[in-house]
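*Asks:* Generate a structure from the sequence data that follows.
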Amino acid sequence: METIKWAVNEMPETDDRHLSIMALDEIKKARTFHESFPQYSKTPLASLDQMAGYLGLDSIYVKDESYRFGLNAFKVLGGSFSMARYIAKETGKKVEDLPYNVLTSEALKKEFGQATFFTATDGNHGRGVAWAANKLGQKAVVFMPKGSTKTRLQNILDENAQATIEEVNYDECVRMAAAAAKETPHGVVVQDTAWDGYEEIPSWIMQGYGTMAMEADEQLSEDGCGRPTHVFIQAGVGSLAGAVQG
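*Replies:* Here you go, the predicted model:
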């Protein structure tokens, strides 16, 4: 078996003024919101006992997000909660007062109307945004970078979203989404990457990912694991890694 290559993070600890974004009371709001969806169920935390024994470890767990809302990915947690937070802000309400049945009600539709949520993706984030918009009676427009698969494009189109594969890279698709949102009445960017002046919605997306971490924490405790020694998270643009670490 090939030796794992790794490096120690020797950066000094700092006081993070943004850590409060992932405070437990904020994550509980996201968890409660997700639980209000009729499609919600806690995804499994699989215990790989044979692998743990082979490696000489006490236990190894894998959070299986293939069951998340039937979308085979965790990304919908961030997109859906950021939409709820946006609608709450626009209507002057608390997100705690906007569960699924309220967001899909005729009363809220008359009060809020319909927004168009723009995003860029190579697949899972855009599908999550499209799914959430479709379920909540909103619109979604998705820009996909060159090389995106037609299967992923079709998955997004199947959620009644407008989606296209562009002849540019991911970063340019993000810029296209932001520009299109500015030109559209009630248009808003829902992107899981931040830049100067665009940080609030990415922070809401991170809070949405907190649902997964909170579930896993409970499942670990139920299995007798009070605190894991290591947590492995994919990096991507950093939203998931930052959310779980937070």
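*Asks:* Pull the number of nearby residues for Ala177.
*Replies:* Using other Cβ atoms under 10 Å, Ala177 has 23 other residues around it. To be clear about C-beta, it is placed using only N, CA and C from the backbone, and glycine gets the same treatment.
*Asks:* show me the contacts for the residue positioned nearest the centre of the chain.
*Replies:* Central residue of the chain (Cα atoms, centre = their mean): Gly78, 2.5 Å from the mean position. Residues near Gly78 by Cβ atoms under 8 Å, 6 or more residues apart in numbering: His125, Gly128, Asp192, Trp204, Ile205, Met206, Gln207, Gly208, Tyr209, Ser239, Ala243.
*Asks:* What segments of the protein are helices?
*Replies:* 24-35, 49-55, 76-91, 100-103, 106-112, 124-135, 150-157, 170-182, 200-222, 239-245 (DSSP state H).
*Asks:* Which strands or helices does the fifth one pack on?
*Replies:* Taking 3 or more Cβ pairs under 8 Å, 6 or more residues apart in numbering; DSSP states H and E as the contact definition, the neighbouring helices and strands of helix 106-112 are helix 76-91.
*Asks:* List the buried residues for the helix it packs on?
*Replies:* For helix 76-91, the buried set under the neighbour-count rule, 16 or more other Cβ atoms under 10 Å, comprises 76-88.
*Asks:* With stretch 107-115 instead?
*Replies:* For stretch 107-115, by 16+ other Cβ under 10 Å, it's Leu108, Phe112, Ala115.
*Asks:* Reformat those into a markdown table and put pLDDT and distance to His230 next to each item.
*Replies:* Converted to a markdown table, the buried residues of stretch 107-115 look like this (pLDDT from 0 to 100; distance: Cβ to Cβ, whole Å):
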| residue | pLDDT | distance to His230 |
| --- | --- | --- |
| Leu108 | 95 | 43 |
| Phe112 | 96 | 43 |
| Ala115 | 96 | 40 |
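*Asks:* What is the nearest of these to Leu71?
*Replies:* Of all the buried residues of stretch 107-115, Leu71 sits closest to Ala115, with 21.0 Å by Cβ to Cβ.
*Asks:* Find the residue closest to Val189 in space, skipping its chain neighbours.
*Replies:* Ala181 (4.7 Å; Cβ to Cβ, 6 or more residues apart in numbering).
*Asks:* Please disregard the earlier target; I meant Ser36.
*Replies:* Pro99 (3.5 Å).
*Asks:* residues touching the one you found, list them.
*Replies:* Per Cβ under 8 Å, 6+ apart, neighbours of Pro99: Thr32, Phe33, Ser36.
*Asks:* swap in Lys28?
*Replies:* Counting by Cβ under 8 Å, 6+ apart, Lys28 has contacts Met214.
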